[in-house]
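Engineer: can you look at this prediction? I've put the sequence above it.
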Amino acid sequence: LEGSAEPLGALDGWSTPDEAALVLTHPLIGFFAHNRGSGVGRYEVWHAPLKLTMGRALEAHFSAFEDRGLIRPGQEPHSVLLQRSTDFVVLLPPTRVRR
């Protein structure tokens, strides 16, 4: 990756930079395969709004997407968003998702 000091600007597919930042970098609820038998677990994460800057990929490989034909081998990523650092709060304990 190569970074820049350029603040987050317009991204293809998003109405505003704020909308892109919210959807792409602020997942507050996540799901995972529960490790104690079958089922799905749920967790929550919080962090302050990020101060994103633009970057670019000098080299990138996404075999999980390439193998499924979702992208071409060597295709550049849609965007590279960088944050110098941030504190995350993971709300514990994770919970099992009920049917």
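Structural biologist: Structure's in. What do you need?
Engineer: so which residues of this structure form strands?
Structural biologist: Using DSSP state E, the strands found in the chain span residues 2-7, 29-33, 40-46, 53-56, 81-82, 89-96.
Engineer: give me the mean pLDDT for the second one.
Structural biologist: Strand 29-33 comes out with an average pLDDT of 86.
Engineer: check the fifth one too.
Structural biologist: Averaged across strand 81-82, pLDDT comes to 94.
Engineer: on that earlier part again, and of the strands of the chain, who's closest to residue 67?
Structural biologist: Closest approach to residue 67 among the strands of the chain (CB to CB): strand 29-33, 20.0 Å. Quick note: C-beta positions are derived from backbone N, CA and C, even for glycine.
Engineer: which parts of that closest one are buried?
Structural biologist: For strand 29-33, the neighbour count (16 or more other CB atoms under 10 Å) marks no residue as buried.
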